[in-house]
Each structure stands twice: as C-alpha cells, then as structure tokens.
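Q: after the sequence you'll find the predicted model.
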Amino acid sequence: MMKPSIPKGTRDFLPEQSLKRAYIFDTIKATFIKYGFQPIETPAMENLQVLTGKYGEEGDKLLFKVLNNGDFLSKADSSALESKDSIALIPSISKRGLRYDLTVPFARFVVMNRNDIQLPFKRYQIQPVWRADRPQKGRYQEFYQCDADVVGSESLLYEAELVQIYDEVFSALGIEVTISINNRKVLSGIAEVAGIQDKFMDMTIAIDKLDKIGIEGVRNEMAAKGIEKEAIDTVVSILDAGDDIDKISEILTSSETGMKGVDEIKHAVNFANITNELTTKVQFDPTLARGLDYYTGCILEVKANHVQMGSIGGGGRYDDLTGAFGMDGIPGVGISFGAERIYDVMEELGLFPKELSQNKLAIFLSNDIESLSTAFEWCTKLRRSGVHVDIYPEAAKMKKQFKYANDCGFTFALIIGESERKSGQVSVKNMTSGDQSQMSYDELLQLLTAC
RNA sequence: GUGGCCAUAGCUCAGUUGGUUAGAGCGUCGGAUUGUGGUUCCGAAGGUCGGGGGUUCGAGACCCCUUGGUCACCCCA
C-alpha cells in the first residue's frame, strides 16, 4: 500500500478552511462586480509558447511544463536528449504548460476573442495559478489569484477605481493596509536624471530592495552592476525625498517622462479620493518597482500593517500586453489579490467572523429503524421549508449518535424514539446548555427558522 | 536555482557518550452507562523511527544519498 501524499507546495483544505477561503473570494468578487467587472475563465493549461518569454528568464524556469502524451520520446529532439540539455529538450517533449498568472492568459484571451468583447473591457478572474518556486512562508506552488483588469483605455480613472477596490475589499475584510503607488515613468525619470537609462532595470531592482537591505545595500547593489558613483549619488539623493512627491517633482523637472509619471500619480490619487472617503492611506513610494517588466505606468502594491508578510496585492498599468500576440496598441491596467496571503494575515490577526464555522444547526437522531423513518420524514419536510437540518443515517447507539452531533458542532440534537412517535413530539436537546424539551413539528419549525 | 534547520503513533513531542522488548500527553476505539454528547474512571488498539545505502558485535541516534517540511537568498502573490 502506498503512503498517500500531495505534491510539495500544494495543500488540502478542511471544511473550515474552505469556508474561510470562500469568504475571502466572495468579498473580492462582490466588489469586482459592483465596479462593473465581468467574470471570465481560462484553461489551467496554456500552450507553452503563450507562456514562455513573458515572465523573464527566471519566470521560464518557474513554469510547470506538461509532458506530451503518447510516445513523446520518439519525437524528442535527439541531440538535446543525448547531450542531456534539458532546456533545449523541452519544446520537443512539452507543448503545454500550467498557467503562471492570470494576466498573460487574459492578454491571449483578449486577442482571440476581440470580436466578442467591447472596449474598454473590464474583467475579473479568480482561478488558481502554478509556479515551480521553492515553497516558503506565504508562498506555494499552487495558489489562487484574484485579478481585475481593464483593457482598451488609457484613462487614469481606472487606476482610481482599482485603488477604490483595494480600499473597499480590505476594509470589508477588516485588514488594515497601506497602498503604495509609484509610476514606472518616475523610475525612468530618475534613471534619466542620473544618466543611466541603459541601467534602468538594474537600478530598479536595486532600489526596490531599499526597505530590505537599506540605503548602503542599494548603493552596493548598484555599484556591483557597474553604475558610476556619481549616478548612484544622484539616485540616492532623489530617494532621500521619500514620499514627498512635490520634492521628487522638482528634481525630475528636466525629465519629461518623469514629470508625466508624477502627474499620473497625482491624478490617479486625486480621482480615487474624489469623495474623500478612502479608509486606506495611499502612499507615494518612489522605491516601489515590482518585478513584472511589462508595467509601464502606475504601479500599485498593498501591504498589511502590523504583520510580517510580503505584499498581499499588486498591480499596474501596461501599455502593450497584447502586442506579443499580434495586436498592438491595447493598453490596460489591473490589480491582483493574493488570496493565500490574505488568508494567512487574517488568521494571524484573528479577523475571520466566528459564524463562518458555525453553520451546523440541528441533526435528527433516532432510536430504532421505524423512528429513523419518521425522523427522515420530518427532516425532509423541514428542508423543504428551507431549514438547514441534518440526520444521522442509522439507528445506532445513542451514545455514538450524540458524540457525532457533539463533535460536528451541532447546536440542537433532535431525538425521535418510540415515545416521541407515540406523542407526535420530538425531544430537542440544546447541545450547548444541555437543556432538553419536547415540542411539536410546528414548534420545531419555528425554533429552527428563528435561528 | 543556492544555503541553514528539521523529519519518532492520527496530532504535539520525549528518547542519556550508539546498548535489552522505542515512551508520554492528546486523540481514536471498547467498557462503566441497552435513550444522552461535552466532565470522570477502567481498558485496548495504534510505529517498516520519512525512504535507500553505509559504519558497527549492535543504529531512532553516527556518515552519505534521496524525498518532504520549514526558514533565508534569488524571484514573487
């Protein structure tokens, strides 16, 4: 007999966990719908060529590839096979891969279904994605993303809506968060002013780590990438301005791109706060970069306050995501919720409502085979009246049935035996208080309906 | 992909410089109680010590490999 196991980085969810997860998904989904986003679904598997090259070199390594069916070895690239060159071998033995995120499949979706959607197209999507990353705290190989994206418009109003969605969802879940905002154009501006446009990515990756490795760490990292000390000094002096966007604006005056970025941030934030009702602080953070290199405009990131946890949401604007699939000039902007991490944060802070796990109201217990039949009749009638009620499936020992009722967390045990059948009444025991009383069907219906 | 720590009953963990038949608590099952759980008492079952190889008269313990977990790095939700 084999020992059962599940692949690393994956998890089973017990009923209580599933209920909590559904609570998160439902909250997010309800908000997406309220803001006019429409649901779509895409396959768990995509053709590998749709996925490869979209997430950088690192991303390609983290893609799960699906082995071809049939006699795949006979069609394998024999020279790659002989030289044991795994990467070169892949295309000949795998034509499909598991979805790595929801954005790239969405881009593919937009291109393929362009005749059936209206631009601007607002879609939301809540589905699992897979990454062959090494698991660690808050990081799994299979996890859900909850994305909302709009394609087909450059309006900053959408950035504002997405900020409002973040604000609304996290308020509803009771999580105190900080929303950070930056703009890729501001980062370009910084590189421009420092004269290191050619080292833009290196600079970006370095300053993104500021809160982790400190200002000296950032200096070292940039120096290691061959950036001149003078340029480093310029970059650091800009970062010194911190969240003071006006100060950054002054420094970036000479960069047209940089100024545009500053302008976009201001507009988006003002729009988002148009009724002055945001619960969450939206903070400008010039060091926010985010990895995905397809972002071109505003970048958003959400972190929970008071908890040691990576970002629980992120997003941004991309000018041309569909270009890779032969459809140029379709801009978009989107956000993602990291449901798994939101779960962990809520668990850590005790934010889940208690009612989630207490949905078991009443269960019929019966003393003999004839009573079981009566109990099932009552049970069926109650269910048809909309009452949430269950029944123990056999006339087992009372001790066993009560233990089951207790262990499952039922509030009421409804006992039917010979005496109850004769009187036409059911014995109702409150499992919390231990009180027990007799009541008619109508009284029982009333009691359970009121709960 | 790189590195640190860990793996003993269903769960949480003991297990002495390597030495007889590997233990505890909780949980499970049975009984005390043939119509009453949650409390109490009594009893029982439950282990290829993650897997493979090695050192040794002897390995749960030491060494190597491997799988998984965990944490950090890279990257990321």
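A: Looks like it came in fine. Numbering: from 1, shown residues only, chains lettered A, B, ... in the order given.
Q: what's the helix or strand for A:Gln17?
A: Per DSSP states H and E, A:Gln17 falls inside helix A:15-34.
Q: actually, A:Leu414.
A: Taking DSSP H and E as the criterion, A:Leu414 maps to strand A:412-416.
Q: partners of that strand, with directions?
A: Strand A:412-416 sits in its sheet next to strand A:362-366 (parallel), strand A:426-430 (antiparallel), going by DSSP bridges.
Q: identify the residues contacting the first one?
A: In other words, strand A:362-366. Outside strand A:362-366, the residues that touch it by CB atoms under 8 Å, 6 or more residues apart in numbering are A:372, A:374-376, A:378-379, A:387-392, A:395, A:398, A:401-402, A:404-405, A:408, A:410-417, A:448. C-beta coordinates here come from the backbone N, C-alpha and C atoms, glycine included.
Q: for the closest residue to A:Ile28 other than its chain neighbours, give me its contacts.
A: Using CB to CB, 6 or more residues apart in numbering and skipping residues adjacent in sequence, the residue nearest A:Ile28 is A:Cys146, 4.8 Å away. A:Cys146 sits next to A:25, A:28-29, A:32, A:124-126, A:336-337, A:339 when contact means CB under 8 Å, 6+ apart.
Q: give me that answer again for 10 Å
A: Neighbouring residues of A:Cys146 by CB atoms under 10 Å, 6 or more residues apart in numbering: A:24-25, A:27-29, A:31-32, A:102, A:124-127, A:169, A:313, A:335-339, A:342.
Q: so A:Val129 lies in a helix, does it not?
A: No. A:Val129: not assigned to a helix; according to DSSP: H, G, I helix; E, B strand; the rest coil it is strand.
Q: could you look up the SS state of A:Asp233?
A: Look at A:Asp233: counting by three-state DSSP, its state is helix.
Q: what score does A:Ser5 have for pLDDT?
A: A:Ser5 is assigned a predicted lDDT (pLDDT) of 78.
Q: contact partners for it?
A: By CB under 10 Å, 6+ apart, the contact set of A:Ser5 is empty.
Q: what does the stretch 301-450 of chain A have sitting close to RNA strand B?
A: A:310-314, A:336, A:338, A:340-341, A:367, A:397-400, A:402-403, A:405-407, A:413, A:415, A:417-420, A:427, A:429, A:431-434, A:436 (CB under 7 Å from any atom of the strand).
Q: restricted to helices, list those residues.
A: Here DSSP state H is the test, and these give A:340-341, A:398-400, A:402-403, A:405-407, A:418-420 as lying in helices.
Q: thinking again about what came up before, now the residue nearest to A:Ile28: which helix or strand?
A: Per DSSP H and E: strand A:142-151 holds A:Cys146.
Q: which strands or helices does the worst-scoring helix or strand of chain A on mean pLDDT pack on?
A: Between all helices and strands in chain A, the lowest mean by mean pLDDT, DSSP states H and E belongs to helix A:210-224, at a mean of 83. Packing partners of helix A:210-224 (3 or more CB pairs under 10 Å, 6 or more residues apart in numbering; DSSP states H and E): helix A:200-208, helix A:229-239.
Q: neighbouring contacts of that helix?
A: Helix A:210-224 is contacted by residues A:194, A:196, A:199, A:202-203, A:205-209, A:227-229, A:231-233, A:235-236, A:239-240, A:285-289, A:303 when judged by CB under 10 Å, 6+ apart.
Q: how about stretch A:226-241?
A: Counting by CB under 10 Å, 6+ apart, A:186, A:189-191, A:193-196, A:198-199, A:202-203, A:206-207, A:210, A:215-216, A:218-223, A:247-252, A:258, A:284, A:286-287 sit against stretch A:226-241.
Q: quick one, what contacts the closest residue to RNA strand B within the stretch 51-200 of chain A?
A: At 3.1 Å from RNA strand B, A:Lys137 is the closest residue in the stretch 51-200 of chain A, using CB to the nearest atom of the strand. The neighbours of A:Lys137, taking CB under 10 Å, 6+ apart as the test, are A:308-310, A:341, A:344.
Q: could I get the strands paired with strand A:412-416 in TSV, plus columns for mean neighbour count?
A: Output for the strands paired with strand A:412-416, formatted as TSV (neighbours: other CB atoms under 10 Å):
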stretch	mean neighbour count
strand A:362-366	25
strand A:426-430	18
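Q: can you redo those as a markdown table with distance to A:Gly350 and mean pLDDT?
A: As requested, these are exported to a markdown table (distance: least, CB to CB, whole Å; pLDDT from 0 to 100):
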| stretch | distance to A:Gly350 | mean pLDDT |
| --- | --- | --- |
| strand A:362-366 | 28 | 95 |
| strand A:426-430 | 27 | 95 |
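Q: let me see the ranges of the strands in the stretch 1-150 of chain A.
A: Assigned by DSSP state E, counting those that start in this stretch, the stretch 1-150 of chain A shows strands spanning A:38-39, A:45-47, A:65-66, A:96-98, A:121-130, A:142-151.
Q: just the ones you listed: most buried one?
A: A comparison of those by mean neighbour count, using mean count of other CB atoms under 10 Å, puts strand A:142-151 on top with a mean of 23.
Q: ok now it, how far from the chain's centre?
A: On the basis of CA atoms, centre = their mean, to the nearest Å, strand A:142-151 sits 7 Å off its chain's mean C-alpha point.
Q: quick check: angle from that strand to strand A:121-130?
A: 160 degrees (axes from the mean of the first three to the mean of the last three CA atoms, to 10 degrees).
Q: count of residues packed around A:Arg421?
A: 18 (other CB atoms under 10 Å).
Q: for the stretch 301-450 of chain A, what spans make up the strands?
A: Secondary structure of the stretch 301-450 of chain A by DSSP E, counting those that start in this stretch: the strands cover A:313-318, A:332-338, A:362-366, A:389-391, A:412-416, A:426-430, A:436-439.
Q: averaged pLDDT, the fifth one. What do you get?
A: By that I understand strand A:412-416. What strand A:412-416 shows for mean pLDDT is 95.
Q: next: the shortest one.
A: Per-residue confidence for strand A:389-391 averages out to 94 on the pLDDT scale.
Q: that strand pairs with which strands, and in what direction?
A: strand A:362-366 (parallel).
Q: check the offset of the strand it pairs with from the chain's centre.
A: On CA atoms, centre = their mean, the centre of strand A:362-366 falls 39 Å from the chain's centre.
Q: next: stretch A:208-218.
A: Worked out by CA atoms, centre = their mean, stretch A:208-218 lies 27 Å from the chain centre.
Q: one step back: the residue of the stretch 51-200 of chain A closest to RNA strand B and A:Val307, how far apart?
A: According to CB to CB, to the nearest Å, A:Lys137 and A:Val307 sit 11 Å apart.
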